[in-house]
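Peer 1: sequence first, then the predicted structure, then my questions.
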Amino acid sequence: MSDYEIDRVKTGIPGLDELIEGGFPRGDTILVAGKAGTGKTIMANQFLYYGAVKYNEPGVLVTLEEPPRAIKRNMLRFNMDLDSLVQQGMLAIVDLYPSKEVARVNIGEYPSFDLSGLEAIIMNHVNKIGAKRVVIDTLSILAYKFRSRDILREEFFKLTANITRHGATLLLTSEIPAQDSGLGVFDIEAFLASGVVVLYNEKISDTSRSRSIEVLKLRGSKHSSRIHSMRITDEGIRVWPGEISPSH
Ligand SMILES: Nc1ncnc2c1ncn2[C@@H]1O[C@H](COP(=O)(O)OP(=O)(O)OP(=O)(O)O)[C@@H](O)[C@H]1O
Ligand SMILES: [Mg+2]
């Protein structure tokens with residue numbers, strides 16, 4: 001491979017690689033965004049699970065929104081056994097779930113908050129198991145801790161750059177709020193990510209919704225510009241590359 005050829009990381013989501021020239025560019029930061037319940041957490045964990053099982057790439061899961069127990073239980077429904085990966089040293093889970101409890105504090109109340117502690121914890125796990133994939137679900141939950149948007153942008157940038165510096169591919173999830181929250185955290189994340197994938201679960205009639213997926217951007221890649229059908233099956237998330245979503 002030449003120095004300028006892009007090494008692709010298989011996503012582990014059937015059908016998705018075909019939309020993005022074979023996978024995410026290795027060492028990049030990818031944002032998986034969508035409204036509540038669109039499948040972000042499932043996609044992120046499937047990326048880690050199949051990364052380990054099919055492609056032999058160890059991963060680190062940083063969870064801020066759900067306790068590890070709930071994630072493991074939900075992923076088992078798709079026959080993805082995260083515990084067995086942990087036992088094999090192919091997955092490390094960083095449990096930061098309780099941070100949600102204090103999410104009521106207003107922006108500006110943490111004058112000297114930064115992400116260097118979080119970075120040290122993550123890098124410790126990355127180095128210990130030789131992780132090639134890292135998931136943070138969801139970084140934006142920490143946004144309220146920063147005094148200003150500029151500091152937040154700077155801190156998010158440092159964290160993501162330092163995680164990916166040695167070649168790990170980073171997947172961040174972000175909830176697109178139903179109403180604009182005013183903070184614009186999503187804009188910052190979308191800007192610092194080199195790829196943005198958006199998941200939808202749109203109403204298509206009075207009685208039904210339909211899931212779909214869009215690759216909004218992927219630097220260095222000739223990606224699909226259509227919105228494709230996606231389903232959550234008994235085996236997890238699957239994308240139909242040839243099928244254009246009926247809701248769009
Ligand atoms: N076993 C399953 N089979 C089919 N669909 C499922 C299954 N488990 C979950 N789902 C669907 O996936 C949704 C949850 O997906 P997920 O937790 O990945 O969403 P999310 O985008 O992370 O949501 P949030 O923003 O709340 O974190 C559920 O609301 C349900 O619609
Ligand atoms: Mg989630």
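Peer 2: Right, received. Where do you want to start? Ligands and ions are numbered 1, 2, ... in the order given.

Peer 1: got the residues of the protein near ligand 1?
Peer 2: Residues of the chain found near ligand 1, taking Cβ under 6 Å from any ligand atom as the criterion, are 34, 36-42, 65, 74, 77, 175, 232. No exception for glycine: its C-beta is placed from N, CA and C like everyone else's.

Peer 1: which of these tops the neighbour count?
Peer 2: The most crowded member of the residues of the chain next to ligand 1, judged by other Cβ atoms under 10 Å, is K40 (26 neighbours).

Peer 1: that older thread, now render the residues of the chain next to ligand 1 as a markdown table, adding secondary structure, pLDDT and distance to S245.
Peer 2: Below are the residues of the chain next to ligand 1 laid out as a markdown table (DSSP: H, G, I helix; E, B strand; the rest coil; pLDDT from 0 to 100; distance: Cβ to Cβ, whole Å):
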| residue | secondary structure | pLDDT | distance to S245 |
| --- | --- | --- | --- |
| G34 | strand | 95 | 13 |
| A36 | coil | 94 | 19 |
| G37 | coil | 96 | 17 |
| T38 | coil | 97 | 13 |
| G39 | coil | 98 | 14 |
| K40 | helix | 98 | 17 |
| T41 | helix | 98 | 21 |
| I42 | helix | 98 | 18 |
| E65 | coil | 94 | 26 |
| N74 | helix | 98 | 24 |
| R77 | coil | 98 | 24 |
| E175 | strand | 92 | 20 |
| I232 | strand | 98 | 14 |
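
Peer 1: tell me the one of these nearest I151?
Peer 2: Set against I151, the nearest of the residues of the chain next to ligand 1 by Cβ to Cβ is E175 (21.2 Å).

Peer 1: so the closest one touches K40, yeah?
Peer 2: Yes - counting by Cβ atoms under 8 Å, E175 does reach K40; the two are 7.4 Å apart.

Peer 1: any shared contact partners between the two?
Peer 2: Common contacts of E175 and K40 (Cβ atoms under 8 Å, 6 or more residues apart in numbering): A33, G34, T138.

Peer 1: which of those lies closest to ligand 2?
Peer 2: T138 (6.7 Å; Cβ to the ion).

Peer 1: please enumerate the helices of the protein.
Peer 2: 40-53, 68-76, 82-87, 116-129, 149-164, 185-192 (DSSP state H).

Peer 1: just these: most buried one?
Peer 2: helix 40-53 (a mean of 24; mean count of other Cβ atoms under 10 Å).

Peer 1: ok, and does it reach over to ligand 2?
Peer 2: Yes - counting by Cβ under 5 Å from the ion, ligand 2 is contacted by helix 40-53 at K40, T41.

Peer 1: quick one, the lowest-mean-pLDDT helix or strand in the chain and helix 149-164 angle?
Peer 2: The helix or strand of the chain with the poorest confidence is helix 185-192; it has a mean of 91 (mean pLDDT, DSSP states H and E). Angle of helix 185-192 versus helix 149-164, following axes from the mean of the first three to the mean of the last three Cα atoms, to 10 degrees, is 50 degrees.

Peer 1: just name whatever secondary elements helix 185-192 is in contact with.
Peer 2: The contact analysis (3 or more Cβ pairs under 8 Å, 6 or more residues apart in numbering; DSSP states H and E) places helix 185-192 against strand 29-34, helix 149-164, strand 169-175.

Peer 1: mean confidence score for stretch 83-103?
Peer 2: Here stretch 83-103 scores 84 as its mean pLDDT.

Peer 1: correction: stretch 211-220
Peer 2: Here the average pLDDT along stretch 211-220 is 96.

Peer 1: just the C-alphas of that stretch, formatted as CSV.
Peer 2: The C-alpha trace of stretch 211-220 is given here as CSV (Å, rounded to 0.1, in the frame of the first residue of the first chain):
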residue,chain,number,x,y,z
ARG,A,211,-35.4,3.5,9.5
SER,A,212,-32.7,4.9,7.1
ILE,A,213,-29.1,6.0,7.0
GLU,A,214,-27.2,8.8,5.3
VAL,A,215,-23.5,9.4,4.9
LEU,A,216,-23.4,13.1,5.3
LYS,A,217,-19.7,13.5,4.9
LEU,A,218,-16.6,11.3,4.7
ARG,A,219,-13.4,13.2,3.9
GLY,A,220,-11.3,11.5,1.3
